[in-house]
Every structure is written in C-alpha cells, then in structure tokens.
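Peer 1: What shape does this take:
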Amino acid sequence: MNTAFSCNEMINSYYAVDQPGHPSRQKTISLVQEELANDGCAVIRNFFSEEGLNALLGEAQDRIEQTYYSPKKQCNVYLGDGNPELPEDHPQNIFLERTNGFITADLFDTESYSYRLYYWEPLKLFLADCLNKKELFIYEDPISNMIVNVGKNGEKFNWHFDTNEFTITMLLQAAESGGIFEYFPNLRKPDDECFAEVRKVLNGDRSGVKQLELKAGDLQFFLGRFSLHQVTENLGQTDRLLLIQSFTEKPGVIGSMYRVKDLYG
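Peer 2: A predicted model of the protein is given here:
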C-alpha cells in the first residue's frame, strides 16, 4: 500500500481539516459559507501541501493517456437534447462545443492518494461543514464519483448549468494561458429558467460574467445548478487538470447510465 504520507499530510496544516473546533478550521468554514451566500462560489487557496499536490498531480499525469473523450462534441447549456418544437435561437437549441476529456474514477486503485483522499472521513466532514450540510455521502458511481477533468491545448468546456446543487473541485495544474473559469451567478431561478437572459449570454453579453483565477492547489466550491459557467479554451501547452470529488446528501445515489456513458464512456 502507498504509505509514503497520510491524507492529513496531503493538506495544508493551516486548515486543520481533521481538528473540529480548531480556530483556523472554523474561520475557513465561515469564509466559505459567506462567499457561497454571496454569489455561489468560494475558494480555499493553497489547500494542499506541496507533497500532497505533487502526489495528486503525478497520479493524474500517469493516467493522462487514458483520458476519455465523448464522441458527442456539441451540447446545450442543459447538457441535454434540443427541442424541435422551440425556435432555433432558443437556449435549448443552441449547441456549443465541448472538447474536454475525463480520467475516470475506475483508473485510480484503492492504494492511490486520490482514492484515499476521497474516502478520508475528516475531509468529508470538513466539506460538509463548509457547505453547511448535515452529512455528505460518497457518490456510488464507480466511474464518475472521483474524476479528473482534462483540458489540453485547444480544448474547452463551454457554457452549461450543473444538474447537481454543488461541485467540489481541486485544481492540480493550471493552463499557461486560457483555461479560465467563468460564471454568471444565479442566472436562472428554481421557478424560472430565465431563457431570455440565458440567450443574451450565449449571444455574447458578458455584463454579468465573472472570472475566477484559480491556481494549482486551490479548492473550489461552486453552486452550479442556477449559475451558468464555463472553462475557456486552453491556449497554452500545459494540460489543465482538475480533480472533481462528487458527494450526495443521501446514501446510495448513482446517476443515470445514459449520462455516465455519454460523458465518461
């Protein structure tokens, strides 16, 4: 088993992830909750130790040749099919290029740092506290519960909404140029799809768009169900590698086979 260092040693000791009640841990949780309440996006900078980041990055790079690319290169912002009963310029019928790939969870064995960190209970409790959730559970899909989003030169993940309430991502390596995370906070509402506003963004209106500069080692929380977001084209030669950990609020949850096959093969 890979025991060079523990999960706790993978994380910046300042954040005291495994010490409930520690002042630094409590301060971090409060800041995350404040930022999420503001616009649905929060970042914990320099979350990993140097050793931890290098270990996770190395595992992703070792598997880069196994990146899966969906044959479906065009998708709408809802990651679904179009609606022939609606006009061509309706957001459901506007299809954008999606060229990024994924390193799937089944490629990381139980001895890998990535796997061990995902299943490490203190981290799960910390993430739940940051999100103000009573408890988080492992997403039970063995293909997509812990993946690496790969953006090579010329690749991008265009505008879309998430189907889940929140995402937890960890940037392992940034692009030299491009590969910027952009989002329009709360563009739609639970009771209103706001199609006219969505169409404006798709037609180039950037008046409400925010950009977030992420650096390797940053942990990001994002509430993407109602906020439109994208990762711009990677314009450099360095792969953009983003570790995504998926959790649910109920045990035993698994996604639709159609969506898993479409995105992850």
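
Peer 1: Could you list the low-pLDDT ranges of this protein?
Peer 2: Counting by pLDDT under 70, the ranges of the chain that qualify are 1-3, 258-260, 265.

Peer 1: what about the strands in it?
Peer 2: 41-44, 74-75, 96-97, 101-103, 137-138, 146-151, 157-160, 167-173, 181-184, 210-212, 219-222, 228-231, 240-245, 247-248 (DSSP state E).

Peer 1: Need those strands in a markdown table (columns: distance to residue 34).
Peer 2: All C-beta spots, glycine's among them, are computed from the backbone N, C-alpha and C. Shown next, in a markdown table, are these (distance: least, Cβ to Cβ, whole Å):
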| stretch | distance to residue 34 |
| --- | --- |
| strand 41-44 | 8 |
| strand 74-75 | 33 |
| strand 96-97 | 32 |
| strand 101-103 | 32 |
| strand 137-138 | 25 |
| strand 146-151 | 27 |
| strand 157-160 | 26 |
| strand 167-173 | 17 |
| strand 181-184 | 17 |
| strand 210-212 | 16 |
| strand 219-222 | 12 |
| strand 228-231 | 20 |
| strand 240-245 | 22 |
| strand 247-248 | 21 |
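
Peer 1: who wins for proximity to residue 81 among the ones you listed?
Peer 2: Among the strands of the chain, strand 74-75 comes nearest to residue 81, with 9.1 Å by Cβ to Cβ.

Peer 1: returning to that earlier point: which of the strands of the chain sits closest to residue 51?
Peer 2: strand 167-173 (13.4 Å).

Peer 1: Just checking the distance from the closest one to the centre of its chain.
Peer 2: Put simply, strand 167-173 sits 6 Å off its chain's centre (Cα atoms, centre = their mean, to the nearest Å).

Peer 1: Give me the contact list for it.
Peer 2: 47-48, 53, 56-57, 60, 127, 148-149, 214-222, 224, 238-247 (Cβ atoms under 8 Å, 6 or more residues apart in numbering).

Peer 1: again, 7 Å this time
Peer 2: Residues from elsewhere that reach strand 167-173 (Cβ atoms under 7 Å, 6 or more residues apart in numbering): 47, 53, 56-57, 60, 127, 214-222, 224, 238-245, 247.

Peer 1: Likewise for stretch 246-265?
Peer 2: Contacts for stretch 246-265 (Cβ under 7 Å, 6+ apart): 68, 70, 72, 102, 104, 124, 127, 133, 136-141, 143-146, 168.

Peer 1: Show me where the stretch 51-200 of the chain has its helices.
Peer 2: All helices of the stretch 51-200 of the chain, identified by DSSP state H, counting those that start in this stretch, fall at 113-118, 121-130, 195-202.

Peer 1: For the residue lying closest to residue 79 once chain neighbours are set aside, give me its contacts.
Peer 2: Distance criterion Cβ to Cβ, 6 or more residues apart in numbering; nearest residue to residue 79, sequence neighbours excluded, is residue 160 at 5.6 Å. Contact partners of residue 160, counting by Cβ under 7 Å, 6+ apart, are 77, 79, 229-230.

Peer 1: Who does the residue most central in space within the chain form a beta bridge with?
Peer 2: Geometric centre of the chain, nearest residue: residue 169, 4.1 Å, by Cα atoms, centre = their mean. For residue 169, the beta-bridge partners under DSSP bridges are residue 220, residue 244.
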